[in-house]
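>>> Need the 3D shape of this:
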Amino acid sequence: MNIFATSPHNTVTARDLDDVRLRKMVLETAQLVATALRERFNLDTQYKSTHKNHPCNVWARESAGNLQWLIDYGLLLHDESIARFGKTHKSGGVLGDQASLFAAFCSVHENTEEDMTPFANCARRTDMDLDFTHLPVHDAYRAYLNARWALDKKRPKWTNANPPAWANYVWHGDIHESRPS
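Numbering: from 1, shown residues only. Just a heads-up that it's a prediction; the model follows:
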């Protein structure tokens, strides 16, 4: 579970992801939204709650503003996925349903006009000895992604798109591929 908030703008954040993380994040975002809808607003969606105490899930349900940002981000991720790969993702339809459900809920409840809270900073992976949580959140996620891209077994790609301008990783894939025959 993560959001990889490389920017306060969800459009930019969706475009920044490499192909591998983009595919995964459409599903993960739908799961985060489902958990927030179920745990905070008692609304049922196609997905069950998962990892409800993860900091990104806690952040998603801290305010209606956070949840709206996340829903919009999920829909943007799906649009980006279609643009890159030319096909829809099952979770994209789920996100569309979740967006409609939340919009209908907000139209009849007055307490949903909440501002966003600061993003959760989960830019760490202890099993890989990566921890950027000491940095400001957007810088932390950029540093984290650069570190992960350098360690990926396959060179990161952005099909029909460009890597973000801040991408400055040095890929070490040859190390992974130098296995004895």
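>>> Can you read off the backbone torsions of residue 131?
Its backbone dihedrals place residue 131 at phi -150, psi 110, with angles given as degrees, to the nearest 10.
>>> Identify the bridge partners of it.
residue 124 (DSSP bridges).
>>> From what I see, residue 45 and residue 99 are in contact.
No: between residue 45 and residue 99 no contact is recorded; they are 10.6 Å apart, counting by Cβ atoms under 8 Å. Heads up, the C-betas are built off the backbone N, CA and C, glycines and all.
>>> Tell me which of those two has more neighbours.
Between residue 45 and residue 99, residue 45 has the larger neighbour count (other Cβ atoms under 10 Å), namely 20 against 16.
>>> Report the contact partners of residue 38.
The neighbourhood of residue 38, defined by Cβ atoms under 8 Å, 6 or more residues apart in numbering, consists of 44-45, 48-49.
>>> counting contacts, what elements does whichever helix or strand residue 56 is part of pack onto?
With the criterion set as DSSP states H and E, the secondary-structure element containing residue 56 is helix 55-60. Helices and strands touching helix 55-60, by 3 or more Cβ pairs under 8 Å, 6 or more residues apart in numbering; DSSP states H and E, are helix 19-41, helix 64-85.
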